[in-house]
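Trainee: heads up, no residue letters with this:
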């Protein structure tokens with residue numbers, strides 16, 4: 001018997017009554033308003049999602065917020081009418097339940113994007129609390145916990161608080177079947193994990209999600225780990241295989257195509273292939289002509305273009321790209337890379353002014369590593385004692401679990417110390433501090449964010465991806481179509 005027929009047979013065993021909240025109840029959309037004052041007369045029925053999409057296309061986010069709330073309420077009504085009454089059945093209902101959890105979760109993600117972009121973000125935690133009861137099951141509780149962890153990754157948030165929220169889910173292992181929880185767990189908890197442990201989590205995601213986006217992202221992530229743990233040959237092979245498999249595919253989404261540019265950049269970097277790096281920068285420039293990019297998205301592209309040109313030693317082109325990224329969203333890491341470009345151009349005083357202007361406390365951990373490496377190189381070339389002493393302190397305190405970067409840290413510490421002792425930099429110290437392959441690579445190799453292989457969580461990118469989801473699976477809507485019609489003639 002087909003899976004759909006089994007589901008339908010399960011439905012017929014349960015007499016359903018159309019569920020709706022009472023008019024004076026709190027609205028299921030989580031707004032905190034009474035149902036009669038909120039979504040009561042805005043339910044979209046099986047046109048769910050259409051009003052939201054239309055409002056977004058017209059850039060009317062206020063109307064989109066109203067529509068998204070109504071979509072959440074509509075789907076909650078469907079779940080409580082058609083699926084919730086059967087939760088006691090057990091195994092036969094698991095597939096229906098998971099469809100509801102995933103579908104309602106996507107509608108809530110749209111809601112979070114709108115709360116963030118309409119200035120309602122401060123009220124989002126209370127909204128999440130109210131939404132936690134929309135589905136009375138552990139799987140939904142995990143979705144809400146995930147959202148609570150995400151909100152702490154917003155600008156001004158706290159990664160430690162995000163970890164605290166995630167810890168409430170209990171131990172997370174490679175047996176976890178929620179891809180989003182696996183992604184955020186990798187970012188928040190596995191940065192210092194062993195190679196084998198990280199590989200187990202990557203493999204789990206690759207097994208669960210066969211989409212081009214995930215395959216490119218997480219196979220690329222495994223290749224990056226190989227590089228960081230001293231096996232560039234295997235990394236090169238895996239990156240080359242990825243490019244060969246997906247480059248000619250015409251049906252790749254814009255996001256998957258962008259991930260492929262990441263793979264090309266990494267391969268060009270580790271093979272010192274200037275032609276591939278220039279080609280990737282050109283493709284990124286062409287991709288930017290797509291009018292769907294936000295300022296944050298365009299800044300990502302400019303930043304990556306700058307990285308390609310920097311590794312290809314096209315300093316002026318790299319500088320132009322980084323300055324364009326900074327102009328769009330003030331990207332701090334690009335200011336670090338500008339200092340590196342100036343240093344390689346032998347514009348030492350300009351490099352000093354640039355690196356001294358960077359607020360290290362506002363950088364993430366990989367960004368801080370790039371800053372410290374670049375600051376150390378600039379201090380050696382400038383021979384400024386106060387800078388050398390600062391660099392020495394930062395290098396001693398820096399923790400780099402990846403062998404590649406710890407070796408780099410130790411080598412710089414030796415060169416900074418000897419330069420400070422002599423009061424002048426030797427030719428060898430200068431050459432070591434600014435090698436042919438570049439100074440600052442941690443923020444690309446360790447970024448662990450969706451704009452580099454999609455590993456982990458970058459809030460701005462993540463929140464934009466929530467909005468780009470066009471609709472939930474058709475199966476989710478079809479699941480409730482027949483069942484809802486069966487219940488519609490029953491009095492509330």
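Mentor: Received, thanks. Owing to the predicted nature of the structure, the values given are computational and were not obtained by experimental measurement.
Trainee: Going by C-alpha atoms from here, please, whenever you check contacts or count neighbours.
Mentor: OK.
Trainee: what's the helix or strand where residue 431 lies packed up against?
Mentor: Assessed by DSSP states H and E, residue 431 sits inside helix 427-433. Contact analysis of helix 427-433 by 3 or more C-alpha pairs under 8 Å, 6 or more residues apart in numbering; DSSP states H and E lists helix 365-382, helix 403-422 as its packing neighbours.
Trainee: The ones you listed: which one's closest to residue 143?
Mentor: For residue 143, the closest of the helices and strands packed on helix 427-433 is helix 365-382, at 27.1 Å, according to C-alpha to C-alpha.
Trainee: Where does pLDDT dip in the stretch 351-492 of the chain?
Mentor: In the predicted model of the stretch 351-492 of the chain, residues 401, 437, 440-492 satisfy pLDDT under 70.
Trainee: 90 instead, please
Mentor: Applying pLDDT under 90 to the predicted model, the residue ranges of the stretch 351-492 of the chain that meet it are 362-370, 399-408, 432-492.
Trainee: residue ranges of the helices in the stretch 1-150 of the chain, please?
Mentor: Chain-ordered helices for the stretch 1-150 of the chain, with DSSP state H, counting those that start in this stretch as the definition, fall at 3-12, 50-57, 61-78, 94-117, 124-131, 138-151.
Trainee: Can you lay out those as JSON lines showing mean neighbour count?
Mentor: Output for the helices of the stretch 1-150 of the chain, formatted as JSON lines (neighbours: other C-alpha atoms under 10 Å):
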{"stretch": "helix 3-12", "mean neighbour count": "13"}
{"stretch": "helix 50-57", "mean neighbour count": "17"}
{"stretch": "helix 61-78", "mean neighbour count": "24"}
{"stretch": "helix 94-117", "mean neighbour count": "21"}
{"stretch": "helix 124-131", "mean neighbour count": "17"}
{"stretch": "helix 138-151", "mean neighbour count": "20"}
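Trainee: Distance to residue 224 for those - can I get that in JSON lines?
Mentor: What follows is those, written out as JSON lines (distance: least, C-alpha to C-alpha, whole Å):
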{"stretch": "helix 3-12", "distance to residue 224": "40"}
{"stretch": "helix 50-57", "distance to residue 224": "37"}
{"stretch": "helix 61-78", "distance to residue 224": "38"}
{"stretch": "helix 94-117", "distance to residue 224": "30"}
{"stretch": "helix 124-131", "distance to residue 224": "35"}
{"stretch": "helix 138-151", "distance to residue 224": "25"}
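Trainee: To residue 199, which of the ones you listed lies closest?
Mentor: Within the helices of the stretch 1-150 of the chain, the stretch nearest residue 199 is helix 138-151; the backing value is 22.1 Å (C-alpha to C-alpha).
Trainee: so what does that closest one touch, helix or strand wise?
Mentor: When contacts are defined as 3+ C-alpha pairs under 8 Å, 6+ apart, helix 138-151 packs onto helix 94-117, helix 124-131, helix 159-167.
Trainee: Mean pLDDT and distance to residue 52 for those - can I get that in a markdown table?
Mentor: Shown next, in a markdown table, are the helices and strands packed on helix 138-151 (pLDDT from 0 to 100; distance: least, C-alpha to C-alpha, whole Å):
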| stretch | mean pLDDT | distance to residue 52 |
| --- | --- | --- |
| helix 94-117 | 88 | 9 |
| helix 124-131 | 96 | 19 |
| helix 159-167 | 89 | 29 |
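Trainee: looking at the helices and strands packed on helix 427-433, which is closest to residue 77?
Mentor: Proximity of the helices and strands packed on helix 427-433 to residue 77 was assessed by C-alpha to C-alpha; the nearest stretch is helix 365-382, lying at 43.9 Å.
Trainee: Let me know the next secondary structure element after the closest one.
Mentor: Scanning forward in sequence from helix 365-382, with DSSP H and E defining helices and strands, the next element found is helix 385-397.
Trainee: chain center to that next one: distance?
Mentor: 33 Å (C-alpha atoms, centre = their mean, to the nearest Å).
Trainee: buried set for that helix?
Mentor: Using 16 or more other C-alpha atoms under 10 Å as the burial criterion, the residues of helix 385-397 that qualify are 385, 387-389, 391-392, 394-395.
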